[in-house]
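In: Could you look at this predicted model? Sequence included:
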Amino acid sequence: MGSEAAPASFIEFHITGFRKFHGVAENPTEVLVGTIEEYVRKHHGMPTGTLLGSCTVLETAGEGALGPLVELLDSSLVGIEHPSIERSGNLQELKLDVNSLPPIQKKIVWVHFGVNSGATNFAVEWRAVNEATFRCADELGWQPQHAPIITEDGPISHIRETTLPVKEIVTALRKEDFNVTESYDAGRFVCNYVYYHSLCHAAAHGTRSLFVHVPLFKMIDKEQQMQFAEALLHVLAEFC
């Protein structure tokens, strides 16, 4: 008896960043997310077997922006048999011969970018903590203190970790001369809040999630940050 070929897999990236917030009038992640699609198209292109599913700039807010965040995460769960010409835009860019492929198993990867205004390098976050303790009110006026992000998860000390290999990702990016490190603390502000919800959603639906902190443009300029974002997608494609 002949054996059935395993279904092909296909990675769909979804990228988010944030708008301005208290103390950060220009959020570099808003620029990164707003221009990454065009930047990738003009430079090295998307990694083989991947698609850029969405690029979204989020309100820098917690509870008040939770509804739109959950809707956004849910929107990626719609299955596909093949990437359509309409969605991919250019099959040559996509680097897939659609007619030769069996039904595709879509792998969803969320990449969240947030800014750390005091940082001098990039930081790939291992985990998020079930605690919202905002040092200042978010953009919708919410300022929780020692509050659980998801009550059902128990105490505020509860941790969720990404299933992506952070150490290997950081090593690969360092080989490309990016100043990047592993981080075990995403803070307790909106970045941690969004990451925690994303990791919870990923665990429930079999997707994957990663949060990356970037510095301000005055520390690492826009061009270098765009190069980093593109390189990150290529490295992630190797480990998904």
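Out: Yep, it's here.
In: A25 and H158, how far apart?
Out: Applying C-beta to C-beta, to the nearest Å, the value for A25 to H158 is 34 Å. No exception for glycine: its C-beta is placed from N, CA and C like everyone else's.
In: Let me fix that, I meant to ask about E223.
Out: From E223 to H158 the distance is 39 Å (C-beta to C-beta).
In: Ok, H146 next?
Out: 13 Å.
In: Give me the more crowded residue out of those two.
Out: H158 (16 against 9; other C-beta atoms under 10 Å).
In: Does the more buried one touch V129 like I think?
Out: Yes. Counting by C-beta atoms under 8 Å, H158 does reach V129; the two are 7.3 Å apart.
In: for the residue sitting nearest the centre point of the chain, helix, strand, or coil?
Out: By C-alpha atoms, centre = their mean, the mean C-alpha position of the chain lies nearest to V111, the distance being 0.9 Å. Following DSSP: H, G, I helix; E, B strand; the rest coil, V111 is assigned to strand.
In: Show me which residues of the longest helix anywhere in the chain are buried.
Out: Looking across the chain with DSSP state H, the single longest helix is helix 222-239. The neighbour-count check on helix 222-239 (16 or more other C-beta atoms under 10 Å) flags 224-237 as buried.
In: separation between the nearest residue to T120 once chain neighbours are set aside and G187?
Out: In space, and not counting its chain neighbours, T120 is closest to M219: 5.2 Å by C-beta to C-beta, 6 or more residues apart in numbering. Distance check for M219 against G187: by C-beta to C-beta, it reads 17 Å.
In: which of those two has more neighbours?
Out: Legend: neighbour count by other C-beta under 10 Å for M219 and G187, higher for G187 (20 against 17).
In: Confirm that the more buried one sits in a helix.
Out: No. Assigned with three-state DSSP, G187 falls outside any helix and is coil.
In: I'd like the numbering to begin with 8 instead of 1 from here.
Out: Happy to do that; since the first residue is 8 now, the last one works out to G194.
In: Give me the phi and psi for it.
Out: The phi/psi pair for G194 (degrees, to the nearest 10) reads phi 80, psi -160.
In: Now it: closest residue in space that isn't a chain neighbour?
Out: N123 (7.8 Å).
In: same check, this time on V201
Out: H119 is the one closest to V201 (C-beta to C-beta, 6+ apart), at 6.0 Å.
In: Tell me how many other residues surround that neighbour.
Out: Look at H119: counted by other C-beta under 10 Å, it has 26 neighbours.
In: Could you do the one 10 residues further on as well?
Out: Neighbourhood size, F129 [other C-beta under 10 Å]: 24.
In: who does it bridge with?
Out: Beta-bridge pairing for F129 (DSSP bridges): V187.
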